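J.: when you get a sec, could you give me coordinates for this:
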Amino acid sequence: MMLIDHIAAGVVLSQSHSKFRNIPALTISICSQILPDLTVLLDGPGTIFYLSHRKYTTTLALSPIYSAILILVTFLLFNKNVKNQILPLYILSLMSWVIHVLYDYFNPYGVKLFWPFSGKIYSLDLIFEFDPVYMFISFLILTVAVVSLIKYKRVVKLKSIYLLATTYLVYAFISFFIKLNTIEEYKNYIIKKYPESVYLETIPRSFWRWKGIAQDSSTFFVIVKENEKIVDKVYDSESEIPLAIKDDDAFHKYLDYARYPVVMKDSVSLRITNLVYSPDTYLLNYKINKSGKVLSSSLSSWNLIDNIY
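T.: Numbers count the residues shown, from 1 in each chain. Sure thing, here's the model as predicted:
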């Protein structure tokens, strides 16, 4: 999810109990929402490292440790102000960190919930990363919170914040039922056209559209609905990869990030893309010569439109 969504979640959590309705708790809650994504500051979008930014800190397995470190640092810096609130603040921090992880679990980028014990990527595939509805609700929550702080000089319990937060859940349920209907449509399409294939996932795209992914022994199929008509694109899942690329560090990091990586190859280049996004989003592109030697490599950035072709 976007930063504004995470900060809004931190505000809502700080209103969830009377012990949390104070400035230190609000600060801890928001920090616990921001810190899991702090690794993006080390290297921005368009870099291989950025693709792994959810790996190290967006994990349920290490959330208790990260929250403990945050509270320890807070205690060392502000001993007098928080010494009687350590346990409530730790509980709030842990809740906020976990909520951040689960928020990211909603979208197709996915998270490694149990890293470092498991490298498997999990995703509920329910909400697209740049969802205008979620961002608008988050903006309203933050607006109400800022007005409250300016007017009352303190955090107060606001029914309007709870009401806005409830709309998150309502919108998620609506998306879930739309997804169920889309799964049925795409599965029927795949069964009729490619009876040997197995339907794998239904993934949210931008602007409230959906993408289906299926696979047979040697091929991936991407299914979308364009102009009320279901269409598909076929990707070879068994393209030969030159040894020079297999030994490349960027290649291994890309495979570590991508849920459904596929290779597209011609005489002068080899391109690797993640099927959960459009073909030119986070596209790892290698320029190669006839002998398979790598001449250069680059990584494209984000394409919000998310087209199939």
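
J.: tell me the buried residues in whichever strand or helix holds residue 199?
T.: Applying DSSP states H and E as the criterion places residue 199 in strand 198-204. Buried residues in strand 198-204, counted by 16 or more other C-beta atoms under 10 Å: 199, 200, 201, 202, 203, 204. C-beta coordinates here come from the backbone N, C-alpha and C atoms, glycine included.

J.: do a quick rundown of the strands in the stretch 201-309 of the chain.
T.: Counting by DSSP state E, counting those that start in this stretch, residue ranges of the strands within the stretch 201-309 of the chain are 210-215, 219-226, 229-236, 261-265, 269-274, 284-288, 294-299.

J.: as TSV, those strands with distance to residue 150 and mean pLDDT would be great.
T.: Formatted as TSV, the strands of the stretch 201-309 of the chain follow (distance: least, C-beta to C-beta, whole Å; pLDDT from 0 to 100):
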stretch	distance to residue 150	mean pLDDT
strand 210-215	41	95
strand 219-226	46	92
strand 229-236	51	91
strand 261-265	48	88
strand 269-274	43	90
strand 284-288	47	90
strand 294-299	42	87
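
J.: out of the ones you listed, which is closest to residue 64?
T.: strand 269-274 (30.5 Å; C-beta to C-beta).

J.: tell me the contacts of residue 17?
T.: Residues near residue 17 by C-beta atoms under 8 Å, 6 or more residues apart in numbering: residue 88.

J.: any idea of the pLDDT on it?
T.: Looking at residue 17, its pLDDT is 77.

J.: same question, residue 187
T.: Predicted confidence (pLDDT) for residue 187: 96.

J.: repeat that for residue 193.
T.: Residue 193 carries a pLDDT score of 94 in this model.

J.: tell me, please, the helix or strand in the chain that averages the lowest pLDDT.
T.: In the chain, the helix or strand scored least confidently by mean pLDDT, DSSP states H and E is helix 79-82, which has a mean of 72.
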